[in-house]
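A.B. asks: Sequence below, structure please.
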Amino acid sequence: MKVSVRLIYLYLFAFVGLLTVVIGSVRMVDLGLKVFVFRDADRYEYMSPKIDGEEISPVEEQQIKDQASREQTRNRQREFSGAFAMIAIGLPLYLYHWKTIQKENKKS
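C.D. replies: Now for the predicted structure:
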């Protein structure tokens, strides 16, 4: 097997694609475990704040809790879209370069 700049490039980008897929997959599995198995993994404790020595009303407290819940949902959606994008970009990158490497090896 002859080592050339082209072959090094192909192996490097195949590795980058594979690494991207692995990282995206790990993030996807992590998110799945948090959502379906370990439901309290990203839940935070909430202490109701006092404003000028007075506690906030139950309505305001519920609004704060609802906002925290919506923020948690948005964070999960961002994490999912990031992981999915890594897989969607990394997989074709890896497959293209790996198939090209296989063709190069068959020629020689």
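A.B. asks: Can you pull up the most central residue in this structure?
C.D. replies: For the chain, the residue sitting closest to the mean C-alpha position, by Cα atoms, centre = their mean, is A83 at 3.0 Å.
A.B. asks: wait, doesn't that one sit right on T20?
C.D. replies: No - counting by Cβ atoms under 8 Å, T20 is not a contact partner of A83; they are 10.5 Å apart. Placement of C-beta: from N, CA and C, glycine included.
A.B. asks: Pull the number of nearby residues for A41.
C.D. replies: For A41, the count of nearby residues is 10 (other Cβ atoms under 10 Å).
A.B. asks: give the contact list for the residue nearest to I23 when sequence neighbours are not counted.
C.D. replies: Using Cβ to Cβ, 6 or more residues apart in numbering and skipping residues adjacent in sequence, the residue nearest I23 is M86, 5.9 Å away. By Cβ atoms under 8 Å, 6 or more residues apart in numbering, the contact set of M86 is T20, V21, I23, G24, R27.
A.B. asks: Distance-wise, check the second one relative to I56.
C.D. replies: When you say that, I think you mean V21. 47 Å (Cβ to Cβ, to the nearest Å).
A.B. asks: what's the answer for V37, then?
C.D. replies: Going from V37 to I56 by Cβ to Cβ gives 34 Å.
A.B. asks: Looking only at neighbour counts, state which of the two leads.
C.D. replies: Legend: neighbour count by other Cβ under 10 Å for V37 and I56, higher for I56 (13 against 8).
A.B. asks: Quick check: phi and psi on the more buried one?
C.D. replies: Torsion angles at I56 (phi, psi; degrees, to the nearest 10) stand at phi -80, psi 160.
A.B. asks: And for S4?
C.D. replies: According to degrees, to the nearest 10, S4 has phi -140, psi 170.
A.B. asks: Next SSE downstream of the lowest-mean-pLDDT helix or strand in the chain?
C.D. replies: Using mean pLDDT, DSSP states H and E, strand 50-51 stands out as the lowest-scoring helix or strand of the chain, at a mean of 64. From strand 50-51 onward toward the C-terminus, using DSSP states H and E, the following helix or strand is strand 54-55.
A.B. asks: Quick one: residues contacting the closest residue to M28 other than its chain neighbours.
C.D. replies: In space, and not counting its chain neighbours, M28 is closest to A83: 4.3 Å by Cβ to Cβ, 6+ apart. By Cβ under 8 Å, 6+ apart, the residues touching A83 are G24, S25, R27, M28, L31.
A.B. asks: Before I go, just wanted to say thanks for your time.
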